[in-house]
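Engineer: All I have is the shape, not the residue letters:
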């Protein structure tokens, strides 16, 4: 039933503007992959290409044995959940859910049975005879989900399905979506601009920028080991230090910033370090110490803000602006001279730009 | 004080409507009732006279028939045109709308005269038919029901297109995409999504066209003549040729009743069929 989705070398244009370039992506059977990025990154375009609302300039899209590339949208057999729900306002909840079954020529009683069973699963059996206009946002999205699932599609796609819901409901709904997708074992492609949402429900996430996939990995890898500066920045590595190696001593490497400040890093902890590299750290990954002898960068503290679990400092090390978190036990004042020591567990080594 | 000022501001318009609309209509309707005991039907005798005359009954029926056909043909033609127009890119769309509205810029009389030229015995249509050998002798097209219907459709299709383009454009693109993602082809999507959602607009358009064609005067007068008399032309004949003012008033009253009934019926239908208003 469920099928793998393979997108190969897709290029797409809106008029003369190139919006996707040579994009390749595969989603394994039963896997949920999210496309994550800011608006205009090409994530929705990718979804529209797979749905058949847009034709690629080149490349192929296959779903299991079926080549979708030149197939009309209504022949693709994909369950689609829209951002604005897109429920038919003139049909009742049950008729909305049964719409896809009707197109598949299911008989009236069979349609009714399946639609009712699906409404039961999303907990809306009691609203079956209402019109969409009488439902709340969360209920509408459940109907949209039921309508997409009831046709038992080999692929489910979600276009920012939760962005019109309030925060609490968003969390509940994403758990529900994940449970239903897991239970059916349906391959799924999920488009969102919300990092937490993408990371929490996906098997893998593709971070997109300017029509390209910058990195496609599990949420854990993306969060801890971003592959490039863009992804590092996107997942919250506030500090990017350009360094070059000046000395190697076994696993220990001494590296120098543009200003000439030195720091020592261990390849045992960070993996192989090339001669020129970027050191990416989160604010939490820079330890603030007042001990001038500690290894690291000497910096002057600027503005202090209170985060609840820590103090955050805007710091200056020479010309470099950095963000570091310090312990609550020891608030430091503006102008204090400190040492910032990178914590290897919260650092990533990236290739220079 | 404020309320008083409000009333005073509304007074001129209210007076004008009372003087120029309510009073004349009331007077006309009052005129339609005969003296009590004037005939077997008492005060309603003039109406009985209308309905017992086979000629007048035929005129009323013909008016229904013509208005009905004009409405149905305009709906069909308008819907197809509006559907095509609403799916065009914005630039092309505005050009097409201007073109569709173009005929509305000339008066009804002028447009009807144009048909007179086209459909006459020596008219262009007959010339082409004879020249191409389709017929030997000129075909009588003028002063037929067909001529009246064709000319009225020509007048009302642009109106219908205007109404329906607005309605079709308001149907969100999402719904059509949802429909096709669920497996509905273009025809199924049109029948199951676009058409039901356009029904309120179709009803508004139908009311406009039906009332306008039911009451039309110039077109049936010029293209139907006395042979294809309709309620509008009958009214004119009664009032201005026969000087039978009560008789003309009866015709006017019947037209008024038909129009009001149509509007009420259609708006009720529209309310019931439009899911968004419930």
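Structural biologist: Ah, there it is. Computed from a predicted model, the values in this text were never measured in an experiment.

Engineer: List, one by one, the residues from the stretch 151-278 of chain B near chain A.
Structural biologist: The stretch 151-278 of chain B comes close to chain A at residues B:172, B:174-175, B:177-186, B:188-189, B:192-193, B:196-197, B:275-276, B:278, as judged by Cβ under 8 Å from any Cβ of the partner chain. The C-beta positions use only the backbone N, C-alpha and C, and glycine is treated the same way.

Engineer: Mind giving me the ChimeraX select for these, buried ones only?
Structural biologist: A single ChimeraX command selects the buried members of those (16 or more other Cβ atoms under 10 Å in any protein chain shown):
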select /B:174,175,177,178,179,180,181,182,183,184,188,189,192,193,196,197,275
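
Engineer: Just the residues of the stretch 151-278 of chain B next to chain A: which are in helices?
Structural biologist: Among these, the ones falling in helices (DSSP state H) are B:174-175, B:177-181, B:186, B:188-189, B:196-197.

Engineer: Greatest separation within those residues: which pair is it?
Structural biologist: Using Cβ to Cβ, those span at most 18.4 Å, a distance reached by B:181 and B:196.

Engineer: pLDDT weak spots in the chain?
Structural biologist: In the absence of a named chain, this looks at chain A. Residue ranges of chain A with pLDDT under 70: A:1.

Engineer: Oops, wrong one, chain B.
Structural biologist: B:1, B:38, B:274-278.

Engineer: all helices for it, in order.
Structural biologist: B:2-17, B:23-31, B:45-52, B:54-86, B:90-101, B:108-119, B:124-131, B:145-169, B:173-181, B:186-189, B:195-214, B:218-219, B:231-236, B:245-273.

Engineer: Go through the ones you listed and name the closest to residue A:69.
Structural biologist: Using Cβ to Cβ, the nearest of these to residue A:69 is helix B:173-181, at 16.4 Å.

Engineer: Helix B:195-214 and that closest one, what's the angle between them?
Structural biologist: Here helix B:173-181 points in a direction 120 degrees away from that of helix B:195-214 (axes from the mean of the first three to the mean of the last three Cα atoms, to 10 degrees).

Engineer: packing partners for helix B:173-181?
Structural biologist: Here helix B:173-181 touches strand A:78-81, helix B:186-189, going by 3 or more Cβ pairs under 8 Å, 6 or more residues apart in numbering or on different chains; DSSP states H and E.

Engineer: How far away from the center of its chain is that helix?
Structural biologist: Centre-to-centre, helix B:173-181 and its host chain are 34 Å apart (Cα atoms, centre = their mean, to the nearest Å).

Engineer: residues contacting the closest residue to residue B:104 other than its chain neighbours?
Structural biologist: Closest residue to residue B:104 apart from its sequence neighbours, by Cβ to Cβ, 6 or more residues apart in numbering or on different chains: residue B:158 at 5.3 Å. Residues in contact with residue B:158, defined by Cβ atoms under 8 Å, 6 or more residues apart in numbering or on different chains, are B:100-104.

Engineer: Could you check how far residue B:158 is from chain A?
Structural biologist: 28 Å (Cβ to the nearest Cβ, to the nearest Å).

Engineer: how much space is there between that residue and residue B:144?
Structural biologist: Residue B:158 sits 23 Å away from residue B:144, going by Cβ to Cβ, to the nearest Å.

Engineer: What about the contacts of residue B:158, which one has the most neighbours?
Structural biologist: Within the contacts of residue B:158, most neighbours by other Cβ atoms under 10 Å in any protein chain shown means residue B:100, with 20 neighbours.

Engineer: before we move on, the earlier item: quick check, nearest of the contacts of residue B:158 to chain A?
Structural biologist: residue B:100 (26.8 Å; Cβ to the nearest Cβ).

Engineer: follow-up on the earlier one: so which of the helices of chain B gets nearest residue A:42?
Structural biologist: Nearest to residue A:42, of those and by Cβ to Cβ, is helix B:173-181 at 18.4 Å.

Engineer: Contacts for the closest one next, please.
Structural biologist: Contacts of helix B:173-181 (Cβ under 8 Å, 6+ apart): A:51-53, A:72-74, A:76, A:78-80, A:82, A:84, A:86-88, A:99, A:147-148, B:186, B:188-189, B:192-194, B:197.

Engineer: show me the contacts for the residue of the stretch 101-250 of chain A found nearest chain B.
Structural biologist: Here the stretch 101-250 of chain A gets closest to chain B at one residue, residue A:103, 3.7 Å apart by Cβ to the nearest Cβ. Neighbour list for residue A:103: A:74, B:182-184, B:188 [criterion: Cβ under 8 Å, 6+ apart].

Engineer: Okay, it and residue A:153: tell me how far apart.
Structural biologist: Residue A:103 is 12 Å from residue A:153, by Cβ to Cβ.

Engineer: near chain B, which residues of the stretch 51-200 of chain A show up?
Structural biologist: A:51-53, A:72-80, A:82, A:84, A:86-91, A:99-100, A:102-104, A:131, A:133, A:147-148, A:151.

Engineer: what's the burial count for residue 92?
Structural biologist: All of this refers to chain A. Using other Cβ under 10 Å, residue A:92 has 19 neighbouring residues.

Engineer: nope, chain B please
Structural biologist: Around residue B:92 there are 11 other residues, counting by other Cβ under 10 Å.

Engineer: Kindly report the same for residue B:29.
Structural biologist: The burial count for residue B:29: 15, using other Cβ under 10 Å.

Engineer: ok, so what distance separates the nearest residue to it once chain neighbours are set aside from residue A:118?
Structural biologist: Leaving aside its chain neighbours, residue B:29 sits nearest to residue B:253 (5.5 Å; criterion: Cβ to Cβ, 6+ apart). Counting by Cβ to Cβ, the gap from residue B:253 to residue A:118 is 58 Å.

Engineer: Same check on residue B:252?
Structural biologist: 59 Å.

Engineer: again, but for residue A:24
Structural biologist: Distance from residue A:24 to residue A:118, by Cβ to Cβ: 34 Å.

Engineer: The two: which is more packed in?
Structural biologist: Of the pair residue A:24 and residue A:118, residue A:118 is the one with more neighbours under other Cβ under 10 Å, namely 25 against 13.

Engineer: If any of the contacts of helix B:173-181 are buried, put those into a ChimeraX selection.
Structural biologist: Selecting only the buried entries of the contacts of helix B:173-181 in ChimeraX, with 16+ other Cβ under 10 Å as the criterion:
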select /A:51,52,53,73,74,76,78,79,80,82,84,86,87,88,99,147,148 /B:188,189,192,193,194,197
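
Engineer: Quick check: residue A:26 touching residue A:7?
Structural biologist: Yes: assessed by Cβ atoms under 8 Å, residue A:26 is found in contact with residue A:7 at 7.0 Å.

Engineer: out of the two, which sits in the more crowded spot?
Structural biologist: Taking other Cβ under 10 Å, residue A:26 and residue A:7 do not tie; residue A:7 has more neighbours (24 against 14).

Engineer: What is the burial count for the residue of the stretch 1-150 of chain B found nearest chain A?
Structural biologist: At 10.6 Å from chain A, residue B:89 is the closest residue in the stretch 1-150 of chain B, using Cβ to the nearest Cβ. Neighbour count for residue B:89, taken as other Cβ under 10 Å: 7.

Engineer: so what's residue A:169 up against?
Structural biologist: When contacts are counted by Cβ under 8 Å, 6+ apart, residue A:169 touches A:137-138, A:162.

Engineer: ok, and the most crowded of those residues?
Structural biologist: residue A:162 (25 neighbours).

Engineer: Could you check how far that one is from residue A:50?
Structural biologist: 20 Å.
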